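In: Compute the structure for the input listed below.
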Amino acid sequence: MKCYKSLFKTYKDQPLDQVFAYFHAKGKLANGSPDYDEPFRDIAKLTVDGENAWGFRQPRFQERHASALPKLRNYLNYTFLRLVTLEQERDAALCRDRVHPDSAVFSAHYFLYSKDQNWVCFNTGLQSRHAIDLILIFERSRRKTAKNEVPDWVYKGCYPSNDPYYRQIFGKEFPDIAVYSRDSRDFVFDLSYSLDGDSFDHLVERARERTELKHSSDDVVHSCLRGTISGLRDKIIRNYKVAIPVYYIEEQRMQLLLPFILSSGDEDSSCFVVQRNDELRTYELKTIFDLDQAYFSARLIARPDKDWLNP
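Out: Down below sits the predicted model:
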């Protein structure tokens, strides 16, 4: 599998040889311009949560993410990139260790090709209302030029794995979903570990950037951080779902989110990213996320608990 940078074009001048597939516009907007959001609306309508679940509800995030269904776009893009990584790791292991492809360790297939190699698909990890896996299907691009000015594939639709059209191309097989960790400890806060509440000087500027503390003094920011951190462990003891597992995309590793909520209320909340240190038996404070970043990272693992991560 080629090392693509994105599933679809993510910025205007992105080189097309970095992009996996072209998503055709469907219809036109009121101003006459092509509607490139409609393919993603069609996918959202098939999911168990429906179209409305894939947009932000808070105005500040709606303004920040102008495109339709930003949660779904981000989810599909980073799920795809994770699948590319897994496929490359699998192929490298097969070559290095000369393991038989049918070995249980390497039997996963994250991209499934048609017999003629003109079609490919991957598992979104999402399901339909009938609990059937939703698969994105692509056809090999036929508009290749000498300058390679088009992506390698063209998006052709999202189908449940039991759909007749899907089975006509790929049969009864379907690709595996993305896996982010096989260590169960990555998904819960281990209460036998401490939470390092003393080392947070590196978070002061992040706290200013991502909360209403923008114009506060260092002493005030330190006090807010210290007070919030000191109460987190009690919250986790009473509700383990307070700690939300995430796949931190930039570092390609599992971490946990913990809420950073000021007295002003949920609308101004953000969250801490913590990382388990097995040698010291503690969780270290790594950074602070705004809620949109937090949701993007958490949604790759599962639908986040809406008690506090509901941007």
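
In: only C-alpha atoms for contact and neighbour calcs from this point on.
Out: Will do.

In: Just to be sure, residue 157 is in a strand?
Out: Yes - counting by DSSP: H, G, I helix; E, B strand; the rest coil, residue 157 falls inside a strand.

In: what about it, neighbour count?
Out: 17 (other Cα atoms under 10 Å).

In: That one touches residue 134, doesn't it?
Out: No - checked against Cα atoms under 8 Å, the pair residue 157 and residue 134 is beyond contact range at 10.1 Å.

In: got a list of what residue 46 touches?
Out: Shown in contact with residue 46 (Cα atoms under 8 Å, 6 or more residues apart in numbering): 127, 128, 129.

In: Distance of the spatially most distant residue from the centre of the chain relative to residue 113?
Out: Distance from the C-alpha centroid of the chain peaks at residue 219, with 35.4 Å (Cα atoms, centre = their mean). For residue 219, the distance to residue 113 (Cα to Cα, to the nearest Å) stands at 58 Å.

In: Which positions in the helix or strand of the chain with the lowest mean pLDDT come out as buried?
Out: Least confident element among the helices and strands of the chain, by mean pLDDT, DSSP states H and E: helix 204-210 (a mean of 78). Within helix 204-210, the residues that count as buried by 16 or more other Cα atoms under 10 Å are 204, 206, 207, 208, 210.

In: List the contacts of it.
Out: By Cα under 8 Å, 6+ apart, the surrounding residues in contact with helix 204-210 are 213, 214, 215, 216, 218, 221, 222, 270, 287, 288, 289, 290.

In: what's the following helix or strand after it?
Out: helix 218-238 (DSSP states H and E).

In: For the helix or strand following that following helix, what does the pLDDT average out to?
Out: Following helix 218-238 in sequence order, the next helix or strand is strand 244-248 (DSSP H and E). For strand 244-248, mean pLDDT is 92.

In: Now do the same contact list for the closest residue to residue 230 other than its chain neighbours.
Out: Nearest residue to residue 230 in three dimensions, chain neighbours excluded: residue 197, at 6.8 Å (Cα to Cα, 6 or more residues apart in numbering). With contact taken as Cα under 8 Å, 6+ apart, residue 197 is in contact with 226, 229, 230, 285.

In: Can you tell me which of the residues you listed is closest to residue 77?
Out: residue 285 (27.3 Å; Cα to Cα).

In: Could you find the closest non-adjacent residue to that closest one?
Out: Once flanking residues are discounted, residue 285 sits nearest to residue 274: 4.6 Å by Cα to Cα, 6+ apart.

In: what about that neighbour, distance to residue 309?
Out: If you go by Cα to Cα, the gap between residue 274 and residue 309 works out to 16 Å.

In: Show me where this protein dips below the pLDDT cut-off.
Out: Residues of the chain meeting the criterion pLDDT under 70: 30, 94, 96-108, 144-148, 210, 263-268, 305-307.
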